[in-house]
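Enquirer: For reference, the sequence and a predicted model appear below.
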Amino acid sequence: MVRYISIYGLVVILIYFFYYTLRYKLISKNYFYYLLLSSLSIYIYLLYNYIGLGSFLSVHRFAPALDNIGKYTLENLLGTLSVVNPIFSIKILESVSIIFFIMIGIVLIGLFFLMSYVWFYRVSFNAKINSFNQLLLTIACVYFTWMFDSEYTQGIESLNTKMLAPTFFCFYFSFLILFFKIYLNKLYYIFIITILFLVIKTMYLLKSPVNYLSYRLRVMKVFKERKNLKYFLSDTAYSVPLLNKKIEYIHPYLQSGYINANIVRSINPDIKYTLKDNTIINKSLILYNS
């Protein structure tokens with residue numbers, strides 16, 4: 001995400017610099033030197049990646065498969081609501097009725113926030129928007145547009161709060177500046193939403209703390225007993241209580257298989273991660289998460 005915003009953000013700032021230079025006939029030397037040094041640094045970074053790693057962004061990715069394009073697009077569209085929803089984010093799971101209704105509720109909350117922001121910018125903020133607010137909103141929109149395009153050209157992970165963090169930051173920074181200018185006596189609304197956001201995020205992060213050292217100790221014990229491992233297999237199925245249904249979903253940092261896989265790869269990068277063992281004849285080469 002950092003490499004994307006460094007490039008996309010710089011492009012927008014460069015466009016703004018030339019636009020205001022041509023429009024107002026003003027040149028800020030400090031601004032110019034900042035852009036020059038930033039552009040030179042990012043150019044060196046991109047050139048190093050391309051020469052040393054064969055890719056400008058230091059990763060080799062591929063576009064998503066066409067048979068999953070519908071679900072992929074829907075997941076990205078719903079993920080974009082994370083930009084305007086400061087409390088909840090959303091991810092697509094299997095079509096279980098309870099989860100489906102929860103998702104609908106989160107979508108409605110996101111749409112409520114979106115309509116609220118549209119109203120604020122059109123009615124209350126319209127006369128107060130200056131060039132800095134325009135710059136922030138432009139960075140947010142351009143970064144979001146290019147990230148959405150990158151989903152289909154590079155196959156990066158689906159859009160979520162992490163991937164859209166620069167858009168989230170620029171958008172809310174602009175919103176808060178204008179809100180402080182106009183509604184200085186109503187800041188308790190922002191305070192209430194901030195506390196609610198902090199409590200929910202803290203509860204989410206602390207609900208299942210992971211002891212990395214205990215996981216690593218168990219993995220190292222297996223490595224000492226088995227020297228010829230070539231594959232790691234993890235079962236990513238969730239069992240839904242009362243519904244007698246399983247959901248295939250990779251949940252980072254909460255599933256033991258995901259945690260163990262990263263530990264295994266950190267110890268021996270040559271071990272391959274696999275989801276099925278039916279193509280591997282010698283099962284003794286497989287380290288099962290169970």
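Expert: Perfect, I can see it now.
Enquirer: Please, where are all the helices along the stretch 101-250 of the chain?
Expert: 131-153, 165-182, 187-206, 212-225 (DSSP state H, counting those that start in this stretch).
Enquirer: closest one to residue 21 among these?
Expert: helix 131-153 (12.4 Å; Cβ to Cβ). Just so you know, the C-beta spots here come from the backbone N, C-alpha and C atoms, and that holds for glycine as well.
Enquirer: Which elements pack onto that closest one?
Expert: On a contact count with 3 or more Cβ pairs under 8 Å, 6 or more residues apart in numbering; DSSP states H and E, helix 131-153 meets helix 2-24, helix 69-79, helix 165-182.
Enquirer: so can I have TSV of these showing mean neighbour count, mean pLDDT and distance to residue 266?
Expert: Formatted as TSV, these follow (neighbours: other Cβ atoms under 10 Å; pLDDT from 0 to 100; distance: least, Cβ to Cβ, whole Å):
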stretch	mean neighbour count	mean pLDDT	distance to residue 266
helix 2-24	15	78	21
helix 69-79	15	76	28
helix 165-182	18	85	25
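Enquirer: any chance of those in TSV, with distance to residue 192 too?
Expert: TSV is the format used below for these (distance: least, Cβ to Cβ, whole Å):
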stretch	distance to residue 192
helix 2-24	30
helix 69-79	26
helix 165-182	13
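Enquirer: I'd like to know which of these is closest to residue 156.
Expert: helix 2-24 (8.4 Å).
Enquirer: List the neighbours of stretch 216-230 that are in contact with it.
Expert: 260, 263-264, 267-268, 270-272, 284-287 (Cβ atoms under 8 Å, 6 or more residues apart in numbering).
Enquirer: Just the ones of these in helices?
Expert: Taking DSSP state H, the ones among these that sit in helices are 260, 263-264, 267.
Enquirer: Sort out which of the residues you listed are buried, if you could.
Expert: With burial judged by 16 or more other Cβ atoms under 10 Å, the buried subset of these is 260, 263-264.
Enquirer: Out of the helices and strands packed on helix 131-153, flag the one nearest residue 119.
Expert: helix 165-182 (12.0 Å).
Enquirer: Just the CA trace of the closest one, in CSV.
Expert: Taking C-alpha atoms only, helix 165-182 is exported to CSV below (Å, rounded to 0.1, in the frame of the first residue of the first chain):
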residue,chain,number,x,y,z
ALA,A,165,-6.0,3.9,4.0
PRO,A,166,-4.6,6.9,2.1
THR,A,167,-8.0,7.6,0.6
PHE,A,168,-9.5,7.2,4.1
PHE,A,169,-6.9,9.6,5.6
CYS,A,170,-7.2,12.3,2.9
PHE,A,171,-10.9,12.2,2.9
TYR,A,172,-11.4,12.5,6.6
PHE,A,173,-8.6,15.0,7.0
SER,A,174,-10.5,17.3,4.5
PHE,A,175,-13.8,16.6,6.3
LEU,A,176,-12.4,17.4,9.8
ILE,A,177,-10.8,20.7,8.6
LEU,A,178,-14.1,21.9,7.2
PHE,A,179,-16.1,20.6,10.2
PHE,A,180,-13.9,22.4,12.6
LYS,A,181,-14.3,25.6,10.6
ILE,A,182,-18.1,25.5,10.5
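Enquirer: What is the distance between it and the centre of its chain?
Expert: Chain-centre distance of helix 165-182: 19 Å, with Cα atoms, centre = their mean, to the nearest Å.
Enquirer: Report all helices and strands that that helix contacts.
Expert: helix 2-24, helix 131-153, helix 187-206.
Enquirer: try it again with 10 Å
Expert: Counting contacts by 3 or more Cβ pairs under 10 Å, 6 or more residues apart in numbering; DSSP states H and E, helix 165-182 is packed against helix 2-24, helix 97-119, helix 131-153, helix 187-206.
Enquirer: what bits of the stretch 151-290 of the chain have low per-residue confidence?
Expert: Residue ranges of the stretch 151-290 of the chain with pLDDT under 70: 155, 204-211, 235-254, 290.
Enquirer: Show me the domain layout of this structure.
Expert: 1-60, 65-206, 213-288 (automatic domain parsing).
Enquirer: what's the most buried one of the ones you listed?
Expert: domain 65-206 (a mean of 15; mean count of other Cβ atoms under 10 Å).
Enquirer: With distance to residue 76 added, can I get the buried ones among the ones in helices among the contacts of stretch 216-230 in a markdown table?
Expert: Compiled in a markdown table, these are given as follows (distance: Cβ to Cβ, whole Å):
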| residue | distance to residue 76 |
| --- | --- |
| 260 | 29 |
| 263 | 30 |
| 264 | 30 |
